[in-house]
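*Asks:* No letters, just coordinates:
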């Protein structure tokens, strides 16, 4: 068994629902048996991504939906976030020096730092899919 079907949450782009997204991803990580450090990294990176969707991709559109898909894989966890925003080129976001003092712009830096893979691609139907992977041990693939 190499990959399980995704666990999915679809919610409107409202700041008050950011906590729901956080709790969903944390619960998925715990269900998969990820250790506390890995769970914290995945939840923090996903929280930054969700905040960016709500604040930037969907600004002034609280009825716009986004979806979080969590997949356990043999060698880790994959989180995909699908939004309805304008196309976004994550590779155009500069790689910051960790010691640089500046206001804002740290979300992508944190995602890059906390996760092992990060990519963003446009969706045919409009919007973007942000894909983040963290290599780790998942309980789902251990033999009983």
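*Replies:* It's in. Nothing here was measured: the structure is a model prediction, and the numbers come from that model.

*Asks:* what are the ranges of the strands in the chain?
*Replies:* 7-12, 65-73, 76-82, 117-122, 128-135 (DSSP state E).

*Asks:* Packing partners of the third one?
*Replies:* Right, strand 76-82. helix 18-31, helix 36-52, strand 65-73, strand 128-135 (3 or more CB pairs under 8 Å, 6 or more residues apart in numbering; DSSP states H and E). Where C-beta positions appear, they are placed from N, C-alpha and C, glycine not excepted.

*Asks:* Mind putting these into TSV with mean neighbour count, mean pLDDT and distance to residue 4?
*Replies:* Shown next, in TSV, are those (neighbours: other CB atoms under 10 Å; pLDDT from 0 to 100; distance: least, CB to CB, whole Å):
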stretch	mean neighbour count	mean pLDDT	distance to residue 4
helix 18-31	18	96	11
helix 36-52	20	96	16
strand 65-73	20	96	5
strand 128-135	20	97	15
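
*Asks:* The ones you listed: which one's closest to residue 6?
*Replies:* strand 65-73 (4.2 Å; CB to CB).

*Asks:* Contact partners for the residue nearest to the spatial centre of the chain?
*Replies:* Geometric centre of the chain, nearest residue: residue 46, 3.4 Å, by CA atoms, centre = their mean. Shown in contact with residue 46 (CB atoms under 8 Å, 6 or more residues apart in numbering): 21-22, 25, 68, 79, 81, 132.

*Asks:* And those, which two are furthest apart?
*Replies:* Among those, 22 and 132 lie farthest apart (CB to CB), at 14.6 Å.

*Asks:* circling back to that earlier point, distance of the residue nearest to the centre of the chain from residue 63?
*Replies:* 22 Å (CB to CB, to the nearest Å).

*Asks:* how many other residues sit next to the closest residue to residue 41 other than its chain neighbours?
*Replies:* Leaving out its chain neighbours, the residue that sits closest to residue 41 by CB to CB, 6 or more residues apart in numbering is residue 114, at 4.3 Å. A count of nearby residues for residue 114, using other CB atoms under 10 Å, gives 19.

*Asks:* residues touching residue 114, list them.
*Replies:* By CB under 8 Å, 6+ apart, the residues touching residue 114 are 41-42, 44-45, 134.

*Asks:* please redo it, this time with the cut-off set to 10 Å
*Replies:* Taking CB atoms under 10 Å, 6 or more residues apart in numbering as the contact definition, residue 114 lies against 38, 40-46, 48, 132, 134.
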